[in-house]
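Colleague: just need the structure, nothing else, for what follows:
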Amino acid sequence: MLVPFAEAGLVHTAPLTTTIRLSLRHNLGYFSPQGVGAASSKIARPWRGVSLNPLHCAPIAEKRIAMSTPHQAVNPWTWQDQFGFSQAITTTPPSRLVFCAGQASIDADGTVLHAGDIGAQLTQSFNNLDTVLQQAGTNLSQVVRLNYYTTDVDGLLGAWNLIAERLGEANCRPTSTLLGVTRLAFPDMLIEIEATALVP
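Modeller: Residues are numbered from 1 along each chain as shown. Below is the predicted model of the structure:
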């Protein structure tokens, strides 16, 4: 059995040598340290020496992923429709999940971009989320939960049309929580987005 993994933006396969639990924290999996295709009679060790940050990798060729993982919105009311989220989402087992760290307006070197512009930071945050989801084998249409952390709730609500447009294009209506906080990891950060997604 061959298991795909990503190294420097390229998709490879490696032999499955033991039971594998893939997660976002170890999205390269557990493979033989001798390299791709190396015969191994031992339990493979975690892959070492390769950055797990997709922003440090060359981009993988874009692949459009159809919404093939069944999930259903649960909405006892309708008021949330104007904000483009769902009260709950149910999934059909077995489902693989990706738990994303908070994505913000950060470049590949960890520098905050668009200081003072929450709209531009919001767009960059979604761009970074798209990059992470793509490398994890899924996309925005499969996101079932989005949490927003912001130091400027009124500013974010004023730019909500950007969120509605982005989610609408992906046919995504996730569960969602908006939290106002005193500050984020870096002083110039105004918004951070945390996502949970299904892998089709």
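
Colleague: would you map out the domains in this protein?
Modeller: When the chain is parsed into structural domains using automatic domain parsing, the resulting residue ranges are 1-52, 71-199.

Colleague: tabulate the ones you listed (TSV), appending mean pLDDT and mean neighbour count.
Modeller: Any C-beta I mention is one placed from the backbone N, CA and C, and that applies to glycine too. Output for the domains of the chain, formatted as TSV (pLDDT from 0 to 100; neighbours: other C-beta atoms under 10 Å):
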stretch	mean pLDDT	mean neighbour count
domain 1-52	40	13
domain 71-199	94	17
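
Colleague: where do the helices sit along this protein?
Modeller: Defined through DSSP state H, the helices belonging to the chain, from first to last, are 118-135, 153-158, 160-169.

Colleague: for V74, find the nearest of those helices.
Modeller: Smallest distance to V74 across these (C-beta to C-beta): 17.5 Å, for helix 160-169.

Colleague: from the contact counts, what lies against the closest one?
Modeller: Contact here means 3 or more C-beta pairs under 8 Å, 6 or more residues apart in numbering; DSSP states H and E; on that basis helix 160-169 packs against helix 118-135.

Colleague: ok, T177 - contacts?
Modeller: N147, Y148 (C-beta atoms under 8 Å, 6 or more residues apart in numbering).

Colleague: relative to T90, how far out is it?
Modeller: Shown here: T177 relative to T90, a distance of 18 Å by C-beta to C-beta, to the nearest Å.

Colleague: same thing with D109?
Modeller: Separation of D109 from T90 (C-beta to C-beta) stands at 40 Å.

Colleague: coming back round to it: quick one: closest of the helices of the chain to E192.
Modeller: E192 sits nearest to helix 118-135 of all the helices of the chain, at 6.9 Å, using C-beta to C-beta.

Colleague: got the angle for that closest one vs helix 160-169?
Modeller: 20 degrees (axes from the mean of the first three to the mean of the last three C-alpha atoms, to 10 degrees).

Colleague: list the helices and strands helix 118-135 packs on?
Modeller: Under the contact criterion of 3+ C-beta pairs under 8 Å, 6+ apart, helix 118-135 touches strand 103-104, helix 153-158, helix 160-169, strand 191-199.

Colleague: one more pass at 6 Å, please.
Modeller: strand 103-104, helix 160-169, strand 191-199 (3 or more C-beta pairs under 6 Å, 6 or more residues apart in numbering; DSSP states H and E).

Colleague: now the strands: where do they sit in the chain?
Modeller: With DSSP state E applied, the chain shows strands at 2-7, 10-15, 30-31, 45-46, 71-74, 88-91, 96-99, 103-104, 143-150, 175-180, 191-199, listed in chain order.
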